[in-house]
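In: 3D, please:
(one chain, ligands or ions: 1)
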Amino acid sequence: MPTIVIIGAGPAGMRAAETISRAGLVPILIDEAPRAGGQGYRTPASGISIDTHKLMGSQSKKYQQLHHDFLSIVSSIDYRPETLVWAIENNTLFTLSHNTIATIQFDCLIVASGATDRVYPMPGWTLPGVFTLGGMQLSLKDQGCAIGKKVVLFGSSPLLPLVALQYKNLGVEIAAICDTTGFAGKISALPSMVFSPGTFLRGLSYLASLTLSRTPLFFGVKPLSIEGDHRVRGIRFLTGSGQEKWIECDGVGLGYGLKPETQIADLAGAVFEPDEDLGLWLPRMDQDGRAGKNLYLAGDGAAIGGADAAEASGKLAALAALSSLGVYCDAKQQTRLQNTVRRLRAFQRGLARAFAPPQQFAETLADETVICRCEAIHAGTIRKALALSHTPPEMNRVKAITRCGMGRCQGRMCAPALQAMIIHHANQSLAQTGRLRGQAPIKPIPLSAAGETAP
Ligand SMILES: Cc1cc2nc3c(=O)[nH]c(=O)nc-3n(C[C@H](O)[C@H](O)[C@H](O)COP(=O)(O)OP(=O)(O)OC[C@H]3O[C@@H](n4cnc5c(N)ncnc54)[C@H](O)[C@@H]3O)c2cc1C
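Out: The predicted structure follows:
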């Protein structure tokens, strides 16, 4: 029997596993998290009582259905939670589970590794009490706790109103929502909203309930600083009309949308192309998610599409993998799934335009601001390196000179900021700027576990 491995037990990976299992095969489903569900449909840690129905709101039915369907097949697949994939070489995965390194040879690989927050630093963003918007949600969904009692949400992301409401419903005061994008960008994205009118209306209803509950909403703001001594005391910014504003709070959620988590796909040999519109390097794939010989990509790790697209693309990648192994697949079902995925990703592309990251970021950032937290590299150090460069700067070269992106997170956190600074300095395209190449181990592994099996 061929070994089919799926990395990621979010909605994409769960549906891929279900599809393969229903075809009579036994996929290996790997996830570093202890429970299935991924980011959006995360299940709370055991012993934590959260009203998931209330937390998931209108998504609650889909959440329950997904977990119900997964429960019905989990005993017939090889499900390996708490297992990190940290390297891939020649059809071999290197995993870490409970301090033990193991290898898995695969015939076919489906990567459903999800997304990461896109963050642009501002002075004070490393203070305790500052979280990414996604991190804010995880603390709620996983542990049932909030990041503060009085919180400001700052950035440009469709998660701003969603997370604000989730926190509000649990009794947290939302001191303000500060959106760095203005209305003009949102209006220009309106035509793409027809691709998923239900989601669009849901977003509008979130904004309406926040307005009705008199939550302070600011649009077109510019970041100045997050301030505090040992933890956040407040945030300073310029309003859309240019007035300086200070808001006291004990927690800040910061985020500028999501970016696909592509390091695994990179190690597995996917080819990447620059998407100048989104400011992202994305893996090249066909409409089924096929990205190479026996390599398939699904969910937000392939292209941001949201949870529904993740489920559909997970099934699609599984069907493509099955047909490559000679298993009969219903062509009509494949076409339906392709249309769903295409439509939902077009919708998300429109949303990404409506919540575009701030253009002025690289220009206005103070030299003392930390860009790379892992290696403590400041904006001024990067600027100096760029000024000394005799050739057009490239991401990996600047990384080698400054160590920005060389630490524990392997650039997951700082790459967007580094990229924006290079593009601004050299006035060049994303294609010319390049991308940080994926390097194993993509996440830290303890030295006590690293042995002769490490590549
Ligand atoms: C922090 C965060 C919060 C979000 N909250 C919401 C929300 O509330 N509502 C909403 O509609 N959408 C939300 N989204 C968007 C949401 O991620 C997607 O719509 C949906 O969950 C995508 O599903 P997926 O299966 O592609 O990826 P995910 O659900 O992200 O699942 C990916 C899985 O892959 C695993 N993984 C990744 N790399 C490895 C590795 N190297 N080894 C082992 N396992 C690995 C991860 O642990 C994760 O469980 C959120 C996204 C993020 C990043």
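
In: contacts for stretch 127-144 next, please.
Out: For stretch 127-144, contacts defined as C-beta atoms under 8 Å, 6 or more residues apart in numbering pick out 39, 42, 44-45, 48-50, 55, 116-117, 119, 124, 145-148, 151, 153, 155, 157, 159-160, 163, 166-167, 170, 226-228, 230-232, 250-255, 258. Yep, even glycine has a C-beta here, placed from its N, CA and C like the rest.

In: narrow those residues to those in strands?
Out: Under the assignment DSSP state E, the contacts of stretch 127-144 contribute 116-117, 151, 153, 155, 226-228, 232, 251-255, 258 to strands.

In: buried subset of those?
Out: 116-117, 151, 153, 155, 226, 228, 232, 251-255, 258 (16 or more other C-beta atoms under 10 Å).

In: near the ligand, from the residues you listed?
Out: Applying C-beta under 6 Å from any ligand atom to those, one finds that 116-117, 258 fall near the ligand.

In: go through those residues and name the one nearest residue 272.
Out: Taking C-beta to C-beta as the measure, residue 116 is the one of these closest to residue 272, at 15.8 Å.

In: contacts for the helix or strand harbouring residue 177?
Out: Residue 177 is part of strand 173-179, with elements assigned from DSSP states H and E. Contacts with strand 173-179, where a contact means C-beta under 8 Å, 6+ apart, come from 149-156, 160-161, 164, 167-168, 210, 215-221, 235, 237, 247-249, 355.

In: flag every buried residue along it.
Out: Buried residues in strand 173-179, defined by neighbour count with 16+ other C-beta under 10 Å: 174-179.

In: farthest-separated two in those residues?
Out: 175 and 179 (14.4 Å).

In: name the nearest of the ones next to the ligand among the buried ones among the ones in strands among the contacts of stretch 127-144 relative to residue 102.
Out: Using C-beta to C-beta as the measure, the one of these that approaches residue 102 most closely is residue 116, at 25.3 Å.

In: mind listing what the closest one touches?
Out: 134, 258-261, 412.

In: how does it look with 7 Å?
Out: Residues in contact with residue 116, defined by C-beta atoms under 7 Å, 6 or more residues apart in numbering, are 258-259, 261, 412.

In: can you tell me which two in the residues you listed are farthest apart?
Out: Maximum pairwise distance in the contacts of residue 116, criterion C-beta to C-beta, is 11.9 Å, between 258 and 412.

In: look at the nearest residue to residue 416 once chain neighbours are set aside and report its pLDDT.
Out: The shortest distance from residue 416 to any residue other than its chain neighbours is 5.2 Å, reached at residue 118 (C-beta to C-beta, 6 or more residues apart in numbering). According to the model's per-residue confidence, residue 118 sits at a pLDDT of 95.

In: next, count neighbours for residue 118.
Out: If you count neighbours by other C-beta atoms under 10 Å, residue 118 ends up with 27.

In: verify the stated contact: it with residue 261.
Out: No. Proximity of residue 118 to residue 261 does not meet the contact threshold set by C-beta atoms under 7 Å, at 11.2 Å.

In: the lengthiest helix in the chain packs against which elements?
Out: Longest among the helix segments of the chain by residue count, using DSSP state H, is helix 331-354. If contacts are counted by 3 or more C-beta pairs under 7 Å, 6 or more residues apart in numbering; DSSP states H and E, helix 331-354 sits against helix 183-188, helix 306-324.

In: among these, which comes closest to residue 96?
Out: Shortest distance between residue 96 and the helices and strands packed on helix 331-354, using C-beta to C-beta, is found for helix 306-324: 23.9 Å.

In: please see if the closest one touches the ligand.
Out: Yes. Judged by C-beta under 6 Å from any ligand atom, helix 306-324 comes into contact with the ligand at 306-307, 310.

In: much appreciated, bye for now.
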